[in-house]
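[1] Please work out how this folds:
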Amino acid sequence: MRNKKINIIVLAIFVLIIAVSVYYIITEPINLGLDLKGGTQIILKPVESEGSEVTSESLDKAMLIIMDRIDRLGISEPLVTRDISNNIIIQLPGVGDPDHAISVIGKTAQLEFRILLGTLVSRTGQNTEFVEFDPETGSIVYDENSEEVILVDNINSVMPIKTGVLHTDIAAGEIYLMDKDFNPGDFDYTGAETDILDTGMVTGRFEYNRDTGELLLVDADSGSLLGELLIDSRTNAASLVGPVLLTGDKLAKAGAGYDSNGRIIVSLSFKDEGAGIFEDITRNNIGEQLAIVLDEEIKSAPSLGVVITGGDAVIEGINSLDEAKDISLVLQTGALPVNLIIEESSTVGPTLGKDALNKGILAGIIGLVLIIIFMVAYYRGLGLISALGIAVYIAIFWGIMTGIGAALTLPGIAGIILTIGMAVDANVIIFARIREEARKGKSTRIAIGDGFKHALRTIIDANVTTLITAAALYRFGTGPIKGFAVTLALGVIISMAISLLFTRGILFTAAGLPGLASPGFIGVRKKEEQ
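    Just a heads-up that it's a prediction; the model follows:
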């Protein structure tokens, strides 16, 4: 009597779970992953640089910032994970513009304030052209036929001032910034003992860091940092800026809008500490240009005419309001604690994903039908109960997936189909043991009890090893592999509960009903019984 009550309670709990699952299936559509819905996948590789060390903590913080940016962009069902190589994997279902996603999500958002030391231009006669800088190779790009490459201060003024000369020592493979009075024609290349440093006109030497794409100006003797060559986003001109005076971590807020003249700007407000530093910068550099640098690009460089109090500043020279909004967004979410470079970017079309989904569902339906036919043909009444268990399994599994908002991927569908087969495998073990006990002449009820008892250890051992495998796949896998591991583990747990609790309760209840306790119901012929 006690066992009968327990079985009824177990079945009642399962009925409640099934009802909740069906509710979620009806009311909440299941989320489709990147491979089924289509979208964009971005792989970002962390790179160490000066003051930016790649650690587990910094990567975790970077992932949180990236998720915050994605949320502000309004992208639904994103996936941000980390693989064993510490690459950050970003999957954005439904996003078909990877360039815009990368421009916002992958931005380091490192805001810096530096003094603009000058702009490089090449001169031929009375004609001048901006010199460009390629961060990918560290090359300074200009017309080789030009007479000289010079550093010019206040390039936009009526009377720009020449402050230095760029000189390339071909023999040494070095690029130097020389004094403004340096004349390459006066330098003797033929003397064996001749050294450019002996001229006494070397301002500094440029050094390129391939990992970070930084071209630094250092003191030729001590190696101390004098400045850095950056790109001015307004003109693409290579411009020299001094050391960092203030960074964006002192920023309180940022917003996109228009100034009083209708120009697009990003307004900045600093915290109390940052406001004090900013005031000191403007006081100590009256007459200089203050470069506002975002992610190694000069966005604007206003001249400092007065001391600025209150901690307010603006970024000018922005092409569109959307660009201003993107800049303010990444500044509000904070700078990434590590430098990230794009390792891979790919787009999956929704047509391909839909085709994969249809084929996956078709494969699952065919497999399910074949399994049910086999179970009913071989195990008779037990096969019908097995089919009912499969239906319950699918309802609960689907309900949990929709209830927790999990994204279904193609490997996830494979995991579902696999666990359906594993659920049936547990039933096969149980049913085989029940039939063995029935052939020994035991009653159906006793055969069911002994069959479950003898099959329990085998089922638990098999499913625990599968769960260990799923845990390993989740720990060391990425993206779709993790999706497969989650569905596999979830399916194993649900199938075990259904096989050992739901199926057991149904069998014991059925064994007490007239006509269902016969050996024929469990697929044992009378001849075998005798």
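[2] in the stretch 351-500 of the chain, what spans have low per-residue confidence?
    Applying pLDDT under 70 to the stretch 351-500 of the chain flags residues 351-354, 407, 478-480.
[3] what's downstream of the strand ranked longest in the chain, the next helix or strand?
    With secondary structure taken from DSSP state E, the chain has its longest strand at strand 111-124. Remark: after strand 111-124, the chain's next helix or strand is strand 127-130, criterion DSSP states H and E.
[4] List the buried residues in whichever helix or strand comes after that following strand.
    Using DSSP H and E, the helix or strand that follows strand 127-130 in sequence is strand 132-134. The neighbour-count check on strand 132-134 (16 or more other Cβ atoms under 10 Å) flags Glu132, Phe133 as buried. All C-beta spots, glycine's among them, are computed from the backbone N, C-alpha and C.
[5] for stretch 237-252, same thing?
    Ala237, Ala238, Ser239, Leu240, Val241, Gly242, Leu245, Leu246, Thr247, Gly248, Lys250, Leu251.
[6] Nearest the middle, which residue of the protein would you pick?
    The residue lying closest to the centre of the chain (Cα atoms, centre = their mean) is Ile90, at 2.7 Å.
[7] Run the chain-centre distance for stretch 266-283.
    For stretch 266-283, the distance from its own C-alpha centre to the chain's C-alpha centre is 33 Å (Cα atoms, centre = their mean, to the nearest Å).
[8] State the helix or strand in which the residue lying closest to the residue nearest to the centre of the chain once chain neighbours are set aside lies.
    Spatial nearest neighbour of Ile90, chain neighbours left out: Ile42 (4.4 Å); criterion: Cβ to Cβ, 6 or more residues apart in numbering. For Ile42, the element it lies in under DSSP H and E is strand 39-47.
[9] Enumerate every residue touching Gln332.
    The neighbours of Gln332, taking Cβ atoms under 8 Å, 6 or more residues apart in numbering as the test, are Arg72, Lys253, Ala254.
[10] Tell me how many other residues surround the last one.
    Think Ala254. Counted with other Cβ atoms under 10 Å, residues neighbouring Ala254 total 22.
[11] before we move on, what about the second one?
    The local packing of Lys253 (other Cβ under 10 Å) involves 12 other residues.
[12] Can I get the next helix or strand after the strand holding Ile42 as PDB, trimmed to CA atoms?
    Using DSSP H and E, the helix or strand that follows strand 39-47 in sequence is helix 56-73. Output of helix 56-73 as PDB, limited to C-alpha atoms (Å, rounded to 0.1, in the frame of the first residue of the first chain):
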ATOM      1  CA  SER A  56      41.700  35.200 -15.900                       C
ATOM      2  CA  GLU A  57      40.300  38.100 -13.900                       C
ATOM      3  CA  SER A  58      40.900  40.600 -16.700                       C
ATOM      4  CA  LEU A  59      39.300  38.300 -19.300                       C
ATOM      5  CA  ASP A  60      36.200  37.800 -17.000                       C
ATOM      6  CA  LYS A  61      35.900  41.500 -16.700                       C
ATOM      7  CA  ALA A  62      36.300  42.000 -20.400                       C
ATOM      8  CA  MET A  63      33.500  39.500 -21.000                       C
ATOM      9  CA  LEU A  64      31.200  41.300 -18.600                       C
ATOM     10  CA  ILE A  65      31.900  44.600 -20.400                       C
ATOM     11  CA  ILE A  66      31.200  43.000 -23.800                       C
ATOM     12  CA  MET A  67      27.900  41.600 -22.500                       C
ATOM     13  CA  ASP A  68      27.000  45.000 -21.200                       C
ATOM     14  CA  ARG A  69      27.700  46.600 -24.600                       C
ATOM     15  CA  ILE A  70      25.700  43.900 -26.400                       C
ATOM     16  CA  ASP A  71      22.700  44.500 -24.000                       C
ATOM     17  CA  ARG A  72      22.800  48.200 -24.800                       C
ATOM     18  CA  LEU A  73      22.800  47.500 -28.500                       C
END
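[13] Counting by contacts, list what helix 56-73 packs against.
    strand 39-47, strand 79-82, strand 88-93, helix 98-105, helix 321-333 (3 or more Cβ pairs under 8 Å, 6 or more residues apart in numbering; DSSP states H and E).
[14] how about 6 Å then?
    Under the contact definition 3 or more Cβ pairs under 6 Å, 6 or more residues apart in numbering; DSSP states H and E, helix 56-73 sits against strand 79-82, helix 321-333.
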